[in-house]
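Q: Only the shape, not the letters, is given here:
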């Protein structure tokens, strides 16, 4: 456990030695802030229109602002995840430090988990930027807290899944650009599977729809925590980290 924590904090600090950490957080905050402003302005505008038409039905902040904003946060991270994971192992291979890491008294699983947790820690910091927007709604309104917590849990699990894919891809190449591009392609494929298969009735369509990460995020965004969705994300994280372990073992064997 000690080695995992050391590698985790080393990777986390490494993001802020380079511009990657700052760039990811800045882009996420800028884009999400614009979406938050747009959704809030739309809700206020609809509220005024309802009052002018004599309708006094209260508007749900969760449905009009929080849910669309957090749904879009997952979409933004689809594009930013490759920036987080592309350097994890590819950079080590490019600079030649992977040999030192593989010959050190650290097990492969500790290296993988340490790097993955370091990436997850940065991802949590990026998600934390959105809390500033959500906190403003709680200051001036009364949103329901439970759906918000469920949505953040879903975003954390979805992000952990995409980060596991990214670290596996990063072990297969020494080029960061290639690692980022392949990670984005695989993540986008898992994202779009739902839209390709949701209206199909064949077994292949049902399997494709189940494997889509969007399908299992829908319940979380509605405030529903389903054990099937938890099992799916946990299984996907385990599967991709297992593939990463096998890939690291092949690197050690070739070294």
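A: That came in fine, so what should we check first? Computed from a prediction, not measured in an experiment: that's the story for all the values here.

Q: okay, how far is it across stretch 216-229, tip to tip?
A: Chord length of stretch 216-229, first to last residue, is 5 Å (Cα to Cα, to the nearest Å).

Q: how about that stretch: buried residues?
A: For stretch 216-229, a neighbour-count test (16 or more other Cβ atoms under 10 Å) marks 216-217, 219-223, 229 as buried. Quick note: C-beta positions are derived from backbone N, CA and C, even for glycine.

Q: What residues sit buried inside the strand or helix carrying residue 36?
A: In this structure, residue 36 sits in helix 20-52 according to DSSP states H and E. By neighbour count on 16+ other Cβ under 10 Å, the buried set for helix 20-52 is 20-21, 24-25, 28-29, 31-32, 35-36, 39-40, 43.

Q: For residue 248, see how far away residue 163 is.
A: Residue 163 is 16 Å from residue 248, where distance means Cβ to Cβ, to the nearest Å.

Q: Tell me which of the two has more neighbours.
A: residue 163 (28 against 22; other Cβ atoms under 10 Å).

Q: list the contacts for that one?
A: Residues near residue 163 by Cβ atoms under 8 Å, 6 or more residues apart in numbering: 81, 84-85, 116, 119-120, 123.

Q: Return the two entries of those that lie farthest from one another.
A: Farthest-apart pair in the contacts of residue 163 is 81 and 116; separation 12.4 Å (Cβ to Cβ).

Q: Tell me if I'm right that residue 159 and residue 121 touch.
A: No. In this structure residue 159 lies outside contact range of residue 121 using Cβ atoms under 8 Å: 11.1 Å.

Q: neighbour-wise, which of those two wins?
A: Taking residue 159 and residue 121 together and counting by other Cβ under 10 Å, residue 159 has the greater number of neighbours (26 against 14).

Q: Now do the contacts for that one.
A: By Cβ under 8 Å, 6+ apart, the contact list for residue 159 reads 77, 81, 120, 123, 127.

Q: Over to residue 49?
A: Applying Cβ under 8 Å, 6+ apart, no residues contact residue 49.

Q: ok, now residue 239?
A: Neighbours of residue 239 in contact, by Cβ under 8 Å, 6+ apart: residue 164.

Q: What's the separation between it and residue 180?
A: 21 Å.

Q: One more: residue 15?
A: Applying Cβ to Cβ, the value for residue 15 to residue 180 is 14 Å.

Q: now do residue 162
A: Taking Cβ to Cβ, one finds residue 162 at 12 Å from residue 180.

Q: Which of those two has more residues huddled nearby?
A: Ranked by neighbour count (other Cβ under 10 Å), residue 162 and residue 180 place residue 162 first, with 30 against 22.

Q: any idea which element that one lies in?
A: Here residue 162 is assigned to helix 145-170, by DSSP H and E.

Q: List the buried residues in that helix.
A: Going by neighbour count (16+ other Cβ under 10 Å), the buried part of helix 145-170 is 147-148, 150-152, 154-170.

Q: roughly how far is it from the heart of the chain?
A: Distance of helix 145-170 from its chain centroid, counting by Cα atoms, centre = their mean, to the nearest Å, is 4 Å.

Q: if we can go back for a sec, now the contacts of residue 159 in a markdown table, please, with extra columns for distance to residue 175 and neighbour count.
A: As requested, these are exported to a markdown table (distance: Cβ to Cβ, whole Å; neighbours: other Cβ atoms under 10 Å):
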| residue | distance to residue 175 | neighbour count |
| --- | --- | --- |
| 77 | 23 | 22 |
| 81 | 17 | 25 |
| 120 | 24 | 20 |
| 123 | 23 | 23 |
| 127 | 28 | 19 |
